[in-house]
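In: After the sequence you'll find the predicted model.
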Amino acid sequence: MGYKNDRRAALKKLKLLSYNGKVGTENFRKRIDDAFKVVFLPNNVECSEYKYGNIVCDILSPEIYASNRVMLYIHGGSFVGGSRSAYRSFCSSLASKCYCRVVIPEFRLAPSNPYPAATDDIQNVFKALFTEEQIACSLNSQNGHKMEPEIIIAADGSSASIACSLIFNLRERYRKQIKKVILFSPWLDLSPDSRIFSAKKISDEVLNGDSIKKSTVVYTYESNTKRSAVSPLRASEEDLENFPSTIIQMGGKELLLPDAQDFAEKLKAAGNEVILDVWPDMMFMFQLADEFLRESHLALDKIGRIITNMDETSAAIQIDNKPVLENSLKSEA
């Protein structure tokens, strides 16, 4: 039976990630949870609960995974929503594709816990996770060969700034253990003069400047938005020095794409490896609509291939996924 895309249903679901302030915080969070949580996790992934740095986290473990590879996933939700339960299905797919455990922290959210509450929580989680992985790798080392942790930091949407803030503030001994950073549809510039707030004609079907501005207002003061911890695109050359190898994956119709292109160029100029993986005609966080879009599966397949071949060097700055590639499963469906 063929796989038929349902773009309208995908958009209806993804628009729930956009905060407009009208429905109230609790209703916004409930709508996301109701739309994205699942009863059964895909691919026989097991879910357990654990505290890192006194923050409750999900640990998602696929049937097969590299014992020294772990992903810290910082969920999006416009700084206001999102949760472990809402992201379990998506992160379970990531765990299976990347052959790794995935840790999802339940960090504090705005507006009751504005910046820097989330960044503080994630920093505490990372340091506790780092310590445990170092110990585990040391115990598993054999024949004098020391096993090193492979830590992956992944984030989507608004949480990209939280992920980047974490990395900017890490000492070198922590930063060098991060083997990859994955940013899905990242928010990179929330300052008042950001181009996303002045764009007139946009093709984005999910987000707009007004919704991002409302999310930013409840997250932090305007005076903070020019800091790299909130707007990574404004990071200095020093901030970006020795930034981990980065993958940015997003849709070609996104309002956020020009900022992502600029950020990729800044990373490259600072001597870092970066891949910007753009999917034509796709919308914000299309990867979360895998029950409606074929491209969602193909995009995560690509992430998995990159992660499981981390020793291979990629010189590409931008990958354009042509329609012929996106539709390559039609003949197999």
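Out: That came through, no problem. Numbering: from 1, shown residues only.
In: which one is residue 179 nearest to, not counting chain neighbours?
Out: Leaving aside its chain neighbours, residue 179 sits nearest to residue 150 (4.6 Å; criterion: Cβ to Cβ, 6 or more residues apart in numbering). Yep, even glycine has a C-beta here, placed from its N, CA and C like the rest.
In: my guess is residue 128 meets residue 52, correct?
Out: Yes. Under the criterion of Cβ atoms under 8 Å, residue 128 makes contact with residue 52 at 4.0 Å.
In: Who has more neighbours out of these two?
Out: residue 52 (22 against 18; other Cβ atoms under 10 Å).
In: Count the residues that sit near the residue nearest to residue 179.
Out: Number of residues near residue 150 (other Cβ under 10 Å) recorded here: 21.
In: same check, this time on residue 270
Out: Quick note: residue 270 (other Cβ under 10 Å) scores 17 neighbours.
In: Could I get the buried residue list for stretch 212-222?
Out: Going by neighbour count (16 or more other Cβ atoms under 10 Å), the buried part of stretch 212-222 is 212-220.
In: Can you add pLDDT and give those residues back as a markdown table?
Out: Listed next are the buried residues of stretch 212-222 as a markdown table, based on pLDDT from 0 to 100:
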| residue | pLDDT |
| --- | --- |
| 212 | 97 |
| 213 | 96 |
| 214 | 96 |
| 215 | 97 |
| 216 | 97 |
| 217 | 97 |
| 218 | 97 |
| 219 | 98 |
| 220 | 98 |
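In: with these in mind, which one is nearest to residue 278?
Out: Checking the buried residues of stretch 212-222 against residue 278 with Cβ to Cβ, the nearest one is residue 212 at 19.7 Å.
In: For the closest one, identify the helix or strand it belongs to.
Out: Element membership of residue 212 [criterion: DSSP states H and E] is helix 209-219.
In: and after that helix, which helix or strand comes next?
Out: Defined by DSSP H and E, the subsequent element after helix 209-219 is helix 237-240.
In: which helices and strands sit right next to that next one?
Out: In terms of contacts (3 or more Cβ pairs under 8 Å, 6 or more residues apart in numbering; DSSP states H and E), helix 237-240 is packed against helix 257-269.
In: Whichever helix or strand comes after the helix it packs on to helix 257-269, inter-axis angle?
Out: Counting by DSSP H and E, the next helix or strand C-terminal to helix 257-269 is strand 274-279. Here the directions of strand 274-279 and helix 257-269 differ by 160 degrees (axes from the mean of the first three to the mean of the last three Cα atoms, to 10 degrees).
In: Determine the next helix or strand in the C-terminal direction from strand 274-279.
Out: helix 294-307.
In: Show me how far that following helix is from its chain's centre.
Out: Between the centre of helix 294-307 and the centre of its host chain there is 14 Å, according to Cα atoms, centre = their mean, to the nearest Å.
In: what's the model's confidence in it, averaged?
Out: What helix 294-307 shows for mean pLDDT is 97.
In: Could you list the buried residues of it?
Out: Applying 16+ other Cβ under 10 Å to helix 294-307 flags 294-296, 298-300, 302-304, 306-307 as buried.
In: what's it packed up against?
Out: Counting by 3+ Cβ pairs under 8 Å, 6+ apart, helix 294-307 packs on helix 84-98, strand 178-184, strand 246-251, strand 274-279, helix 323-326.
In: Dump these into CSV; add distance to residue 257, mean neighbour count and mean pLDDT as well.
Out: Below are the helices and strands packed on helix 294-307 laid out as CSV (distance: least, Cβ to Cβ, whole Å; neighbours: other Cβ atoms under 10 Å; pLDDT from 0 to 100):
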stretch, distance to residue 257, mean neighbour count, mean pLDDT
helix 84-98, 21, 24, 97
strand 178-184, 12, 24, 97
strand 246-251, 6, 25, 98
strand 274-279, 7, 22, 98
helix 323-326, 17, 13, 41
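In: May I see those arranged in CSV, with distance to residue 111 as well?
Out: Output for these, formatted as CSV (distance: least, Cβ to Cβ, whole Å):
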stretch, distance to residue 111
helix 84-98, 19
strand 178-184, 24
strand 246-251, 27
strand 274-279, 32
helix 323-326, 38
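In: end to end, how far does stretch 42-53 reach?
Out: Taking Cα to Cα, to the nearest Å, stretch 42-53 runs 28 Å from one end to the other.
In: So what touches it?
Out: 41, 56-63, 88-89, 92-93, 95-96, 103, 105, 121, 123-129, 132 (Cβ atoms under 8 Å, 6 or more residues apart in numbering).
In: pLDDT weak spots in the stretch 1-150 of the chain?
Out: Low-confidence segments of the stretch 1-150 of the chain, defined by pLDDT under 70: 1-4, 142-144.
In: Whichever of the contacts of stretch 42-53 end up buried, select them in ChimeraX.
Out: In ChimeraX syntax, the buried subset of the contacts of stretch 42-53 is picked out as below (16+ other Cβ under 10 Å):
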select :41,57,58,59,60,61,62,88,89,92,93,95,96,103,105,121,123,124,125,126,128,129
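In: Please consider this matter closed, and thank you.
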